[in-house]
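Trainee: Just to be clear, the model below is a prediction. Sequence and coordinates:
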Amino acid sequence: MSACLAAKGYKNVTLLEAEPEVGGKSLTMYDPSQPQVPHELGTCYMSPGYTLIRKLLEEYDKDNLESNFANEKKGRMVFGVRISDEDKQKYTKGLEYFDWVLEESEKTTTSGCCRCLPNSAQNIPIFAALVKYGRLHESIFGKYPYGLPPKPKDWNRINMTAMEFLKQNGLEILEPVFLYSQQVQGYGILDKIPAFYLLWWHHPDTTNGSIRAALGSDEIIVSLLKNGWQSLWKKMVATHKDEVKYVTGATVTSIKRTPTVEVKYTHEGVEKQLEADVFIH
């Protein structure tokens, strides 16, 4: 936001960041023993739908290239992660993402014969469900580019949890796909988050990558940034340092909007006040 304002000619912008570094949850750390390898503690992946981020990289951080992090089978993802949900502990158990999705999806079907079929045949119900999901998405929101959705045509169709939405629409077979993309990465438990949030996060443009992954595609579905996400934010800060004042470690304590905007915050143990024309929270 601050970079957009600076690029449009605003010369007096202040960004208050509660965390000690810019980027908020997009925090990149480095192990001293491997200083060339970024470890993401927040934002992790680049997906095919992240067109805005690619524009920012081209403008601010050209050397921060995307890199494939899959194993020797090009495009396949291998994880050994655990979902922190006491009622539903799920593990990828070191399986490739593709194989894990098949194994978990089989548990949601009534037929027990899937395992004896070749992978290409096992893919069919997953592919069909993802296509159905895309059509449902369009019927609820219409077509729009990846980002903030327009107002739903009928709120009642999504006035439920994400898991209830999958069950109501016969999409239970997609549970492992969304378990990985939503729960494993820390973006909420399917039984608790709103269906609206699931649909917002999983735009059809991004679920196309899920389709390719579920089908065992050899394409690179998602990638990591060579220099880490925080590299981009720091480059943006450096570029706009004359127009934007970045205050890290700032905790906002009060906001008064009338008759003028007054924001109080603490920084390094000292309470401070900021007056502004506009405050975006």
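Mentor: Nice, I can see it.
Trainee: Count the neighbours of the nearest residue to residue 280 once chain neighbours are set aside for me.
Mentor: Nearest residue to residue 280 in three dimensions, chain neighbours excluded: residue 1, at 6.5 Å (Cβ to Cβ, 6 or more residues apart in numbering). Every C-beta, even on glycine, is put in place using the N, C-alpha and C of the backbone. Look at residue 1: counted by other Cβ atoms under 10 Å, it has 9 neighbours.
Trainee: which residues of the stretch 51-200 of the chain fall in helices?
Mentor: 51-60, 97-108, 119-141, 162-168, 175-178, 195-201 (DSSP state H, counting those that start in this stretch).
Trainee: which strands and helices sit next to the longest one?
Mentor: This means helix 119-141. helix 97-108, helix 195-201, helix 204-214 (3 or more Cβ pairs under 8 Å, 6 or more residues apart in numbering; DSSP states H and E).
Trainee: Go again with 6 Å.
Mentor: Helix 119-141 is packed against helix 204-214, with contacts defined by 3 or more Cβ pairs under 6 Å, 6 or more residues apart in numbering; DSSP states H and E.
Trainee: quick one: average confidence on the helix it packs on?
Mentor: Average pLDDT, helix 204-214: 64.
Trainee: Same check on stretch 40-49?
Mentor: Stretch 40-49 comes out with an average pLDDT of 79.
Trainee: May I see the buried residues of that stretch?
Mentor: 40, 43, 44, 45, 46, 47, 48, 49 (16 or more other Cβ atoms under 10 Å).
Trainee: Can you tell me which of those residues is nearest residue 138?
Mentor: residue 49 (15.2 Å; Cβ to Cβ).
Trainee: quick one: contacts for that closest one?
Mentor: 146, 205, 206 (Cβ atoms under 6 Å, 6 or more residues apart in numbering).
Trainee: With residue 240 as the reference, measure out to the residue nearest to residue 280.
Mentor: 11 Å (Cβ to Cβ, to the nearest Å).
Trainee: With residue 34 instead?
Mentor: 31 Å.
Trainee: what about these two, which has more around it?
Mentor: residue 240 (21 against 9).
Trainee: And that one, how far from residue 60?
Mentor: Counting by Cβ to Cβ, the gap from residue 240 to residue 60 is 9 Å.
Trainee: With residue 187 instead?
Mentor: Taken as Cβ to Cβ, the span from residue 187 to residue 60 is 26 Å.
Trainee: Can you pick out the residue with more neighbours from these two?
Mentor: When neighbours are counted by other Cβ under 10 Å, residue 187 and residue 60 differ, and residue 60 comes out ahead with 19 against 13.
Trainee: how about that one, what does it touch?
Mentor: 235, 236, 239.
Trainee: And the pLDDT at it?
Mentor: Residue 60 is assigned 96 on the pLDDT scale.
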